[in-house]
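structure for this input, please:
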Amino acid sequence: MRNQRSAAVPVLSALLAALAAAVIVRAQDATPTPGPIGKIEFYRVQDQAPQFVEARKSIEDLGDEAALLQRVSATYSMLSPQELDRVLTLERTDEPARTADQRKELDSMRMTENERAGRFRALLQVETPTPETDAEFDKLRGMFDACAEHKKTKSDDVQRKLDDANTQMQQKVTAALDAAVKKVAEAKGLAAVLQSTVRTVGPHLDTGVPVIEYHRVVHYGGVDVTDDVLAELVRMNNAERGVPAQ
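Got it, this is the predicted structure:
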């Protein structure tokens, strides 16, 4: 479902932008005299540190689920909540990997949807309703309303989880990064650690195509502690998961 991630892109971009803004970390005030300045390649840490990788994976998975729900919602409107949940379960398996039974079940669900939707449309056009057609219409209308309500409930739930994941991961990853940079800075006697470059994203003035530009912050000197911070983040991640130190 990697091609369905567009739903998560604005949230993920906001998360990474917020984290980038938090990278300038000062060492403890206990440093008796100003020490050298450290620098860090934040975007390399962002790409490689397990905390960032896990944050992206969590948000991308929820984005995939939101995109799947949106696609299924656009296709089905006359299924019961239980039938819709079953379709979602089946659709989570990419088409090439589905078994013959799964494909057969999905085909049956689509046929059921088409039959009910077709009958619903036909009843809407009945010029002389009867008690029987009214009862059938009410039943199908109730099914339509129940399906719509169920889809909204699931959509709201996925969005809430996406918002929660964004907030929690932002806080967790920021705290881990700050702790790692602080530990490295103290070990090396650094007075401050600066992000070596900043990134801006915007449309090209002539073509309108989105472009990414990197701007240097540290133009000369500084102690590069990127590898040290990455190593500390990996150590912290392993310790959190009970992985023995190498």
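
confirm that Val45 sits in a helix.
Yes. Counting by DSSP: H, G, I helix; E, B strand; the rest coil, Val45 falls inside a helix.

does Glu91 really touch Val72, like I thought?
Yes. Judged on CB atoms under 8 Å, Glu91 makes contact with Val72 at a distance of 5.9 Å. Every C-beta, even on glycine, is put in place using the N, C-alpha and C of the backbone.

report the secondary structure state of Tyr220.
coil.

what distance do you get for it to Asp228?
As judged by CB to CB, to the nearest Å, Tyr220 and Asp228 stand 20 Å apart.

so these two - more neighbours on which side?
Neighbours were counted for Tyr220 and for Asp228 using other CB atoms under 10 Å; Asp228 has more, 19 against 5.

pLDDT wise, what is that one at?
Looking at Asp228, its pLDDT is 96.

ok, now which ones touch the nearest residue to it once chain neighbours are set aside?
Closest residue to Asp228 apart from its sequence neighbours, by CB to CB, 6 or more residues apart in numbering: Val184 at 4.5 Å. Residues in contact with Val184 (CB atoms under 8 Å, 6 or more residues apart in numbering) are 38, 190, 193, 225, 228-229, 232.

change it to 7 Å
The neighbourhood of Val184, defined by CB atoms under 7 Å, 6 or more residues apart in numbering, consists of 225, 228-229, 232.

need the longest helix for the chain.
helix 131-188 (DSSP state H).

any idea how far His150 lies from Met169?
For His150, the distance to Met169 equals 28 Å [CB to CB].

more neighbours: those two, which one.
When His150 is set against Met169 and neighbours are counted by other CB under 10 Å, the residue ahead is Met169, at 21 against 18.

close enough to count as contact, that one and Ala55?
Yes. Between Met169 and Ala55 there is a contact at 3.9 Å, judged by CB atoms under 7 Å.

residue ranges for the helices of the protein, please.
For the chain, applying DSSP H gives helices covering 9-21, 42-48, 50-75, 81-91, 100-124, 131-188, 226-240.

among those, which is nearest Val201?
Distance to Val201, taken as CB to CB, is lowest for helix 9-21 among those, at 8.1 Å.

pLDDT averaged over that closest one - what is it?
Helix 9-21 carries an average pLDDT of 52.

swap in stretch 90-99?
94.

repeat that for stretch 192-203.
pLDDT averaged over stretch 192-203 gives 90.

now do the buried residues in it.
192-197 (16 or more other CB atoms under 10 Å).

and which of these is nearest Asp145?
Gln195 (52.5 Å).

hmm, what's the outermost residue in this structure?
The outermost residue of the chain, judged against the average C-alpha position, is Thr128 (51.2 Å), by CA atoms, centre = their mean.

torsion angles phi and psi at that one?
When read as degrees, to the nearest 10, the backbone of Thr128 gives phi -120, psi 90.

again, but for Val243
With angles defined as degrees, to the nearest 10, Val243 sits at phi -80, psi 130.

this completes my enquiry, with thanks.
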